[in-house]
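> Sequence plus predicted model, see below.
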Amino acid sequence: MTHIALSTRFNEQVNFIEKRTTMVGFDFMAYIEPLKADQARPRTKAEIVALLRETGDKFASQVEGLSDDFLAETVSMPPGGHPPSRTRFDMLIGSKEHEMHHRGQLMLIERMLGSSGA
C-alpha cells in the first residue's frame, strides 16, 4: 500500500518539478533508491491510510490544474525507448494505471485468501 501511495512521486518529479522535455540523462536508479528506502520504512495502518489520502489528494489537485496544452506536450524517451516519446497526459495516466494494477493484485490476494471484501 505504501508503494501505491508513493508511486506518483516519479511523475511529480518529472512533470511538475523538473518539467522535463526529455528523459535523456535522467538517472532513474539514483532517483528510485531513496524512494525505495522511504517505501520500506515501517508504518502503522493508520499512517499508511493517511499517506494514501495525502498523496492521492495532492496528485489529484496537481493534475486538475493542468492545461490541455501542458498535457499535450511530449517528453522524449532515451534512445531505444519505446515509444520514442510520450505525452505528459500518457505519463500521468500511467500513475493511475500503476495503482489499478496493484489494486487488482490486492483483490486477487483477497479472493485467494477467501476474504469477503467487507
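Structure's in. What do you need?
> buried residues in whichever helix in the chain runs longest?
In the chain, taking DSSP state H as the definition, the longest helix is helix 88-113. By 16 or more other CB atoms under 10 Å, the buried positions in helix 88-113 come out as R88, F89, M91, L92, S95, H98, E99. Just so you know, the C-beta spots here come from the backbone N, C-alpha and C atoms, and that holds for glycine as well.
> can I assume the fifth one is in contact with F59?
By that I understand S95. Yes. Applying CB atoms under 8 Å, one finds S95 in contact with F59, separated by 6.8 Å.
> Return every residue with contacts to both of these two.
T8, N11 (CB atoms under 8 Å, 6 or more residues apart in numbering).
> sec struct for A46, please.
Here A46 is helix, with the state taken from DSSP: H, G, I helix; E, B strand; the rest coil.
> Tally up the residues packed near it, please.
By other CB atoms under 10 Å, 8 other residues sit near A46.
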